[in-house]
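A.B. asks: Mind looking at a prediction? Sequence and model below.
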Amino acid sequence: MSTALRAVLALDTEHVDAVFPPSTMTRLRNSVTLSGPVRRLEEVDVSDTNVLITSWGGPRIDATLLARAPRLRAVIHAAGSVKAFVTRDVFERGIVVSSAAQANAAPVAEYTTAVTVLAAKGVLPFARLDTLRGRDLTAPDRIGLRGRKVGVVGASRIGRLVIGALHALGARVLLADPYADAETARGLGVELVGLDTLCRRSDIVTIHAPELPSTHHMFDRRQLNLLPPEAVLINTARGSLVDHDALADVCATGSLSAVLDVTDPEPLPADHPLRSLPNVLLTPHLAGACGRERRLLGEFAADETERLVAGLPLLGTVRFEDLAHSA
């Protein structure tokens, strides 16, 4: 057992059992001298703390906290984005920051792939039929994913996992991402195009871009109207990327269907027109790690803690310069 590093587990304590089950807690205690779990670090002496292990509801790590934790070397976050609580002060002090975003990406990519398959199968229009009698299921271009064009918006961690899954299922993949270049596209086996072109040419569009000022309502009325008839829009990223009023209007015409795991606001008001449209599927932000999937986040944090103790590079390292264009 190594006791060289001292760590504090800090998060909303209601998430402890889901993210850090007993087996994961044992791993942490075998790697470091562990205190917590706690939610408020103001109540804890962190003067000799080397590692903060955090998750949902964890503390804001700013200059005030850092002044109380002069020996802090690493922040290991057992969840996705660190933008909301890790401040510039942390990076300026040379503290290593790691996020379990890659572990959280897997469930989102699995959900996205599943609903893409369902969308390509025509589930949204067919789901409300009592029988398929009289429906033409032989048309080669409208049913099934193989050979269909799927537009992926954003070569993020999740976007790349989705691209790999789509290739395995025989889809043709277009990519729109302002930070991707021709070499990236070749490596991913995709056709790199602009967003307008992607919308015009895709049967299904799935969004995996970050929430930034530049991406707010990137799918506005004009963009949505570029999508071909019977296209499907899938959003598992952030609700603000889509203009929901415009989406409701376009979907109401029947020319576009949508699968939304995220909305803006979240949840949508009870009387929002998207709730009553038969060609819109709303799910309550369940694509990311839920239930037993949350253990993946704690396991990733335990992996990173063990790597830190062993002097190895962390796999989930977050760089400050990447925050401006990441989730």
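C.D. replies: That came in fine, so what should we check first?
A.B. asks: From here on, just use CA atoms for contacts and neighbour counts.
C.D. replies: Noted.
A.B. asks: Which residue ranges of the chain form helices?
C.D. replies: 16-19, 22-31, 63-68, 88-92, 101-120, 123-126, 157-168, 182-188, 195-201, 221-224, 244-252, 295-309 (DSSP state H).
A.B. asks: With distance to V318, mean neighbour count and mean pLDDT added, can I get those in TSV?
C.D. replies: Output for the helices of the chain, formatted as TSV (distance: least, Cα to Cα, whole Å; neighbours: other Cα atoms under 10 Å; pLDDT from 0 to 100):
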stretch	distance to V318	mean neighbour count	mean pLDDT
helix 16-19	20	20	96
helix 22-31	21	17	97
helix 63-68	18	14	96
helix 88-92	9	15	96
helix 101-120	10	21	96
helix 123-126	38	16	76
helix 157-168	13	20	98
helix 182-188	20	13	97
helix 195-201	27	20	98
helix 221-224	32	18	98
helix 244-252	32	19	98
helix 295-309	13	22	98
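A.B. asks: out of those helices, nearest to L52?
C.D. replies: Among these, helix 295-309 comes nearest to L52, with 10.0 Å by Cα to Cα.
A.B. asks: how distant is that closest one from the center of its chain?
C.D. replies: When distances are taken as Cα atoms, centre = their mean, to the nearest Å, helix 295-309 is centred 19 Å away from the chain's centroid.
A.B. asks: returning to that earlier point: nearest approach to D271 belongs to which of the helices of the chain?
C.D. replies: helix 244-252 (12.0 Å).
A.B. asks: just checking, what packs against that closest one?
C.D. replies: helix 221-224, strand 256-260 (3 or more Cα pairs under 8 Å, 6 or more residues apart in numbering; DSSP states H and E).
A.B. asks: Now tell me what touches the shortest one from outside.
C.D. replies: So that's helix 221-224. Helix 221-224 is contacted from outside by 196, 199, 243, 246-247, 250, using Cα atoms under 8 Å, 6 or more residues apart in numbering.
A.B. asks: coming back round to it: export the helices of the chain to CSV and append columns for distance to H285.
C.D. replies: Formatted as CSV, the helices of the chain follow (distance: least, Cα to Cα, whole Å):
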stretch, distance to H285
helix 16-19, 17
helix 22-31, 25
helix 63-68, 32
helix 88-92, 29
helix 101-120, 10
helix 123-126, 19
helix 157-168, 15
helix 182-188, 27
helix 195-201, 24
helix 221-224, 22
helix 244-252, 16
helix 295-309, 17
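A.B. asks: on that earlier part again, list just the nearest of the contacts of helix 221-224 to A78.
C.D. replies: Nearest member of the contacts of helix 221-224 to A78, counting by Cα to Cα, is D243, at 31.0 Å.
A.B. asks: hmm, back to that, to T87, which of the helices and strands packed on helix 244-252 lies closest?
C.D. replies: strand 256-260 (30.7 Å).
A.B. asks: which residues sit in contact with V19?
C.D. replies: 78, 294-298.
A.B. asks: can you put those residues in a markdown table and add distance to D89?
C.D. replies: Output for the contacts of V19, formatted as a markdown table (distance: Cα to Cα, whole Å):
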| residue | distance to D89 |
| --- | --- |
| A78 | 20 |
| R294 | 29 |
| R295 | 30 |
| L296 | 29 |
| L297 | 25 |
| G298 | 25 |
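A.B. asks: Tell me the one of the residues you listed nearest V162?
C.D. replies: L296 (18.4 Å).
A.B. asks: Quick one: closest of the helices of the chain to D261.
C.D. replies: helix 101-120 (9.5 Å).
A.B. asks: how big is the angle separating that closest one from helix 157-168?
C.D. replies: 40 degrees (axes from the mean of the first three to the mean of the last three Cα atoms, to 10 degrees).
A.B. asks: Surely G147 is in contact with H167?
C.D. replies: No: using Cα atoms under 8 Å, G147 makes no contact with H167, being 9.8 Å away.
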